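A.B. asks: Any chance you can model this:
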Amino acid sequence: AFGDRTLEKLDVSTTQFGKHAFGALRHYFSTLRTLNIRDCPNLTSTNVIELLTLCPHLETLITGRIYAQYLDNDQVWACSKTLQSLSIEFELDQEPNIYESSEATEGTPDELNEVVFACLGQLSKLKHLTIGYPKPVQRYDQRDPQTSIPLEIQLSQGLAELAGLKMLNHFSMGALMGSLGAKEVDWMMSNWPNLMVLEGLSDKTTKIPRQRVAKRKGIMVK
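C.D. replies: Numbers count the residues shown, from 1 in each chain. Modelled structure (predicted):
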């Protein structure tokens with residue numbers, strides 16, 4: 001319906017936006033700058049990865065969960081020099097019914113954890129990064145919470161790959177606490193000089209990191 005007009009911003013969150021609509025969207029990959037596709041159950045992990053690899057001017061992407069098994073840390077994302085805000089969640093478990101692509105890998109959760117951070121490390125212009133949402137994660141999320149394997153925010157599992165995100169000022173972990181400790185929080189404050197908001201720390205699980213952050217002026221802890 002847009003014809004040959006330029007499309008730069010599209011918000012279709014919480015809709016049945018799926019295969020056919022996504023196919024039509026490809027015509028606008030070259031001009032798309034802002035896209036919100038969170039809570040769109042008909043979109044697949046490979047759809048989201050295709051956006052990252054084929055949209056050269058993308059600045060903001062808000063999406064839901066994707067399976068990390070479809071990521072390739074050797075693949076260059078077209079938006080690596082333009083993306084400034086990314087909200088996403090990664091699932092480290094293997095997809096129960098693989099139907100998207102034969103290109104899915106069979107890495108262990110630890111290996112996929114490192115692949116995720118290696119891919120995110122490309123985004124040198126990123127200012128806002130959300131890699132975990134508060135629970136419940138998604139309105140349409142049908143995962144069994146007992147089998148879901150979330151991302152671990154740990155230096156031992158690839159976090160150091162984000163050392164190049166020097167422009168990052170807002171980092172949100174949602175409910176992805178894992179075994180986040182003082183060394184991870186200290187690393188964030190040392191490697192992200194523009195950090196202003198650290199969201200996701202919990203007094204119940206990480207009292208020491210929260211206290212450490214509180215000592216640094218200019219950082220808001222949520």
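
A.B. asks: where do the strands sit along the chain?
C.D. replies: 9-11, 34-36, 60-67, 85-91, 128-130, 170-172, 197-199, 220-221 (DSSP state E).

A.B. asks: and the second one, what does it pack onto?
C.D. replies: Contacts defined by 3 or more C-beta pairs under 8 Å, 6 or more residues apart in numbering; DSSP states H and E place strand 34-36 against strand 9-11, strand 60-67. From N, CA and C alone the C-beta is placed, and that goes for glycine too.

A.B. asks: deepest of those, which one?
C.D. replies: Among the helices and strands packed on strand 34-36, strand 60-67 has the highest mean neighbour count (mean count of other C-beta atoms under 10 Å), at a mean of 21.

A.B. asks: just how off-centre is it within its chain?
C.D. replies: Relative to its chain's centre, strand 60-67 lies at 6 Å (C-alpha atoms, centre = their mean, to the nearest Å).

A.B. asks: Just the CA trace of it, in PDB.
C.D. replies: The C-alpha coordinates for strand 60-67 follow below in PDB (Å, rounded to 0.1, in the frame of the first residue of the first chain):
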ATOM      1  CA  THR A  60      16.200   1.700  16.500                       C
ATOM      2  CA  LEU A  61      14.900  -1.800  16.700                       C
ATOM      3  CA  ILE A  62      12.500  -3.100  19.300                       C
ATOM      4  CA  THR A  63      11.800  -6.800  19.100                       C
ATOM      5  CA  GLY A  64      11.100  -9.800  21.200                       C
ATOM      6  CA  ARG A  65      12.900 -13.100  21.800                       C
ATOM      7  CA  ILE A  66      15.100 -14.800  19.200                       C
ATOM      8  CA  TYR A  67      16.900 -18.100  19.400                       C
END
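
A.B. asks: Okay, helices next: where are they in this protein?
C.D. replies: Assigned by DSSP state H, the chain shows helices spanning 19-25, 45-54, 109-120, 182-191, 207-214.

A.B. asks: Switch these over to JSON lines, and while doing so, append mean neighbour count, mean pLDDT and distance to residue 133 to every line.
C.D. replies: What follows is the helices of the chain, written out as JSON lines (neighbours: other C-beta atoms under 10 Å; pLDDT from 0 to 100; distance: least, C-beta to C-beta, whole Å):
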{"stretch": "helix 19-25", "mean neighbour count": "14", "mean pLDDT": "93", "distance to residue 133": "22"}
{"stretch": "helix 45-54", "mean neighbour count": "20", "mean pLDDT": "96", "distance to residue 133": "15"}
{"stretch": "helix 109-120", "mean neighbour count": "21", "mean pLDDT": "95", "distance to residue 133": "15"}
{"stretch": "helix 182-191", "mean neighbour count": "16", "mean pLDDT": "90", "distance to residue 133": "19"}
{"stretch": "helix 207-214", "mean neighbour count": "16", "mean pLDDT": "68", "distance to residue 133": "20"}
